[in-house]
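Peer 1: Sequence first, predicted model second:
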Amino acid sequence: MVEAKNIAVLVFSVGNLALHENALGSWCDYQHYDSFRQFKKQFRHTKPALIVAGIGSDKDEALCKEATLFVRNGLANQDSRIVILRDPNFGLDEIHWMESLQVNACLSAEPEKQTINITTLKREIDTFQYIDNHRRQHDAETEMLMCITKFSRSNESLTNLLQMFSNSLSALCYASCVFHIKILNDSEGEIEFCESNAFDIKRELNIALGLPKISHYLKNALDEKLPQINLLSEDIDLATIENKLLEKVGSYLTFPIIVYNKPLYLLVYFIPESEMDKVSMKQINVISKASEQLTVLLERRQAESSLKKQYTRLKSTLVELKTTKQALQHQEKMASIGQMAAGIAHEINNPLSYVMSNFSSMDDYLDSILQLQELQAEFLSSIEQGQDNKVAQLKNNISKFSEEENIAFVLEDIRAVISDSHSGLKRVRDIITDLKSFTYSQSTELEVCDLVKVVEDTLKVLSYDLEGTIEIDSTLNELPKFMAHNGLMQQVFINLIKNAAQALSEAGTVNAKISIFTETKEQSIRIVVRDNGPGIPIDAQQKVFEPFFTTKTVGEGTGLGLSVTFNIIKKLGGVISLNSKEGEFTEFVIVFPIET
């Protein structure tokens with residue numbers, strides 16, 4: 001077995017052992033196999049640089065052919081070198097072996113050609129090493145570039161990611177020692193991570209580099225913000241470190257990690273003298289490109305981190321705003337409920353008051369009827385007992401009582417009182433029915449909506465607020481039924497009509513009037529709520545649907561009514577718009593498309 005730097009070179013001999021001993025002499029150690037099974041088992045455990053196939057008979061040729069096909073076709077190995085060493089007395093189709101079986105050379109085992117054969121074999125080993133080194137370099141480049149992409153996907157810390165990156169970069173430049181200097185300020189740093197073949201050399205590195213002060217030969221990479229490969233300066237004494245590494249350092253690579261012009265780390269790689277010739281301009285170019293990509297990804301990573309923090313703060317702020325909005329909505333809802341309760345109380349109080357009054361009259365009527373009934377019962381009893389004198393007296397008493405109590409009027413008025421009381425209680429029942437249609441579940445599932453009925457029910461609920469002060473002109477043309485939500489639509493009309501009524505009242509508009517108009521136009525349902533009030537200033541018209549915007553004085557409104565209305569209409573698939581002219585009118589137009 002021949003050992004090359006960083007690569008094990010194995011020489012396998014398949015076939016006639018005497019051929020190899022005569023032709024190769026003792027220039028190298030090799031393992032001999034004359035069994036294909038043994039050869040295949042060993043080959044799977046390692047990748048040999050060179051296979052020498054000795055052929056001196058038909059049996060040798062068959063065995064070597066089987067081994068060659070296994071390597072080239074079975075394992076798809078094109079890197080290992082295969083050389084045929086034939087007996088001079090055995091005829092062999094060398095062209096077939098080289099072209100079809102892809103062997104690299106065919107040699108004759110003549111003793112006088114030993115020197116040429118050994119030279120050829122060494123050249124094949126050098127070729128394998130070149131190919132293997134090239135492949136290793138390609139794998140190292142790929143690994144390093146793949147490692148960079150992990151920066152954009154991984155959630156690991158920057159320290160761990162840099163260590164992963166260092167491993168791939170170390171393989172690319174054949175470094176024997178790697179360490180990371182964390183930049184503390186413009187002129188100082190400390191070693192945060194160190195990896196080498198030697199045991200614990202961090203202390204020696206601190207002394208040799210003069211840390212924590214960053215030396216000029218290290219600071220140069222930070223100033224230029226680019227990776228640099230330099231020969232070892234004479235003023236850098238690494239003797240102690242080289243003794244621990246068991247090899248002499250010839251050059252070093254400095255790789256700065258800079259994010260948004262701020263240096264974070266300086267990665268340093270010591271390259272042995274024996275490996276310096278392997279670091280070419282190709283590797284340097286790859287390292288430079290890796291630096292550019294790494295900088296971009298690190299800056300993006302930091303930007304994403306900042307955005308996440310901002311997102312968290314904004315989310316917290318939005319939660320607070322949502323809580324505040326819900327509180328204000330609840331406050332406005334409670335205010336609306338209070339206002340509605342006052343109206344409802346007024347509506348119910350009117351019929352209840354005359355029902356109660358009727359009960360007072362009925363109580364008096366009942367007393368009179370009961371007294372009359374007692375006289376009549378006594379009259380009937382006297383007739384049965386044959387008390388004629390008492391019967392005549394009771395008859396006179398009944399007639400007198402009927403005349404004094406005006407029983408005929410009482411009997412007639414009782415029907416009117418009952419009828420009025422029935423009408424009053426029916427009115428209370430109707431009010432409660434209206435309220436039941438107004439109170440709706442929190443579910444927003446769509447249902448068949450009759451807008452005309454919704455408007456009528458809304459006007460009933462608001463009749464107390466509008467009675468006697470504002471004229472309501474409703475032109476409710478028959479509309480096709482469509483899918484919406486009755487409760488939500490009633491809330492929309494409550495908000496729009498209440499807003500109009502408040503604007504008219506505050507402005508003291510003479511002949512105040514609210515018009516509600518519905519129509520079907522161009523495959524859509526159109527609803528207009530218009531008032532002849534003071535109008536809305538132009539600069540405020542663009543803001544009326546914004547949450548918390550209000551033209552009322554502080555404490556008079558929350559500015560959520562129209563915002564809620566806008567969101568409800570949008571949720572139901574409609575559009576609401578505003579038209580207004582100062583001093584003349586304000587109208588809100590709601591449009592719902594009709595599905596065909």
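Peer 2: In hand now; what should we look at?

Peer 1: packing partners for the top helix by length along the chain?
Peer 2: Ranked by residue count and defined by DSSP state H, the top helix of the chain is helix 281-385. For helix 281-385, the elements it packs on are helix 114-153, helix 158-172, strand 249-259, helix 388-405, helix 407-438, helix 451-461, helix 463-466, helix 486-507, judged by 3 or more Cβ pairs under 8 Å, 6 or more residues apart in numbering; DSSP states H and E. Where you see a C-beta, it was placed from the backbone N, CA and C, and this is true even at glycine.

Peer 1: and Leu318, which of the ones you listed is closest to it?
Peer 2: helix 486-507 (23.9 Å; Cβ to Cβ).

Peer 1: So what's the gap between that closest one and the chain middle?
Peer 2: Put simply, helix 486-507 sits 39 Å off its chain's centre (Cα atoms, centre = their mean, to the nearest Å).

Peer 1: Following that helix in sequence, what is the next regular element?
Peer 2: Remark: after helix 486-507, the chain's next helix or strand is strand 513-520, criterion DSSP states H and E.

Peer 1: hmm, what's the outermost residue in this protein?
Peer 2: Most distant residue from the mean C-alpha position of the chain: Asn389, 105.8 Å away (Cα atoms, centre = their mean).

Peer 1: That residue and Lys395, how far apart?
Peer 2: Going from Asn389 to Lys395 by Cβ to Cβ, to the nearest Å gives 11 Å.

Peer 1: Check Thr520 too.
Peer 2: 75 Å.

Peer 1: so how many other residues sit close to Tyr217?
Peer 2: Residues contacting Tyr217 under the criterion other Cβ atoms under 10 Å number 16.

Peer 1: Now for it: which residues touch it?
Peer 2: Residues in contact with Tyr217 (Cβ atoms under 8 Å, 6 or more residues apart in numbering) are 230, 233, 236.

Peer 1: Output the below-cut-off pLDDT ranges for the stretch 451-596 of the chain.
Peer 2: Counting by pLDDT under 70, the stretch 451-596 of the chain shows low-confidence ranges at 464-465, 467-468, 547-560, 596.

Peer 1: make it 80
Peer 2: For the stretch 451-596 of the chain, applying pLDDT under 80 flags the ranges 460-469, 481-482, 546-561, 595-596.

Peer 1: Ile51 looks like it's in a strand, true?
Peer 2: Yes - with DSSP: H, G, I helix; E, B strand; the rest coil as the criterion, Ile51 is part of a strand.

Peer 1: give me the number of residues near it?
Peer 2: 27.

Peer 1: That one bridge partners, please.
Peer 2: Phe12, Ile82 (DSSP bridges).

Peer 1: Just to check, Glu188 is in contact with Lys213?
Peer 2: Yes - if you go by Cβ atoms under 8 Å, Glu188 and Lys213 touch, sitting 6.0 Å apart.

Peer 1: how many other residues sit next to Arg313?
Peer 2: Residues within reach of Arg313, counting by other Cβ under 10 Å, total 10.

Peer 1: Tell me the predicted confidence for it.
Peer 2: The model reports Arg313 with a pLDDT of 87.

Peer 1: That one and Glu320, how far apart?
Peer 2: Distance, Arg313 to Glu320, using Cβ to Cβ: 11 Å.

Peer 1: With Leu226 instead?
Peer 2: Distance from Leu226 to Glu320, by Cβ to Cβ: 47 Å.

Peer 1: More neighbours: these two, which one.
Peer 2: Leu226 (16 against 10).

Peer 1: Work out for me the element that one sits within.
Peer 2: Counting by DSSP H and E, Leu226 is part of no helix or strand.

Peer 1: shouldn't it be in contact with Ile257?
Peer 2: No - if you go by Cβ under 8 Å, Leu226 and Ile257 don't touch, sitting 12.0 Å apart.

Peer 1: most surrounded residue in the contacts of Tyr217?
Peer 2: Ile236 leads the contacts of Tyr217 on contacts (other Cβ under 10 Å) with 16 neighbours.

Peer 1: these two touch, right, that one and Ile207?
Peer 2: No - counting by Cβ under 8 Å, Ile236 stays clear of Ile207, with 11.5 Å between them.

Peer 1: Confirm Leu578 sits in a helix?
Peer 2: No - read with three-state DSSP, Leu578 is strand and lies in no helix.

Peer 1: doesn't Gln542 make contact with it?
Peer 2: No - using Cβ under 8 Å, Leu578 is not in contact with Gln542, being 9.1 Å away.

Peer 1: Settle it for me: which of these two has more neighbours?
Peer 2: The residue with more neighbours, out of Leu578 and Gln542, is Leu578; 16 against 10, by other Cβ under 10 Å.

Peer 1: In which helix or strand does Gln78 reside?
Peer 2: Gln78 is part of no helix or strand, with elements assigned from DSSP H and E.

Peer 1: can you check Ser233 too?
Peer 2: Using DSSP H and E, Ser233 falls outside every helix and strand.

Peer 1: just Val268 next, same as before
Peer 2: Going by DSSP H and E, Val268 is in strand 262-272.

Peer 1: helices or strands up against that strand?
Peer 2: helix 158-172, strand 177-183, strand 189-196, helix 216-224, helix 239-245, strand 249-259.

Peer 1: Now tabulate those in TSV and tack on mean pLDDT.
Peer 2: Output for the helices and strands packed on strand 262-272, formatted as TSV (pLDDT from 0 to 100):
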stretch	mean pLDDT
helix 158-172	77
strand 177-183	89
strand 189-196	86
helix 216-224	84
helix 239-245	83
strand 249-259	86
